[in-house]
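Asks: sequence and predicted structure below; questions after.
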Amino acid sequence: MKKLDNTDLTILSELYANSRITNKELSSKANVVPSTCLERVKKMQSSGVIKGFGVHIDYKAVGGNIEAMTSIRLGKHSSKVIQSFRDDLILSPEVIKIFYMGGEDDFLLHITVKDTEHLRNFISNSITSRDEVVHIETAIIYEQLSCNKLPIFE
């Protein structure tokens, strides 16, 4: 895709803040006609700039009373070990997001559980019981804020 111009960045910013905005509203905010706006959104989708549209969920509404971030360090780093670890954890209902990272820790998991017993059991049964795990640290999330603004770097 061509370099994003100010109109594209305005469209992205508005979608980032509210992905449910109508094309008519979006085109008005971007100061283009609706057909042009829709065409630009489609081009950004097909080129991979827009990877998808999401929904923000109140995890308490579905029984997730506690959210936590868990950092994990592995002792083995073969692609097979990493793939297996990722593939197993992504299937866990407790796992919201998995970040595979460079640095001291290999993974950071964003998880939600119903209570502290559930947290302990998940950590014990799904993570520390694995031979490749050599270190784990969990931090409880008190509050999560979304900035609802697109980070734009020129």
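Replies: Structure received. Remember, it's a predicted structure, so these values are computed and weren't measured experimentally.

Asks: skipping adjacent residues, who's closest to the residue lying farthest from the centre of the chain in space?
Replies: In the chain, the greatest distance from the average C-alpha position (CA atoms, centre = their mean) is reached by residue 33, at 31.8 Å. Using CB to CB, 6 or more residues apart in numbering and skipping residues adjacent in sequence, the residue nearest residue 33 is residue 27, 6.2 Å away. Glycine gets a C-beta too; all of them are placed from N, C-alpha and C.

Asks: which residues does that neighbour contact?
Replies: By CB atoms under 8 Å, 6 or more residues apart in numbering, the contact set of residue 27 is 33, 34, 36, 37, 38.

Asks: now the helix or strand containing the last one: how far from the chain's centre is it?
Replies: Going back to what we said before, that points to residue 38. Using DSSP states H and E, the element containing residue 38 is helix 34-46. Relative to the centre of its chain, helix 34-46 is centred 24 Å away, using CA atoms, centre = their mean, to the nearest Å.

Asks: so what touches it?
Replies: Contacts for helix 34-46 (CB under 8 Å, 6+ apart): 1, 4, 7-8, 11-12, 15, 23-24, 26-27, 30, 32, 50.

Asks: now intersect those residues with the helices, please.
Replies: 7, 8, 11, 12, 15, 23, 24, 26, 27, 30 (DSSP state H).

Asks: show me which of the residues you listed are buried.
Replies: 8, 11, 12, 15, 26, 27, 30 (16 or more other CB atoms under 10 Å).
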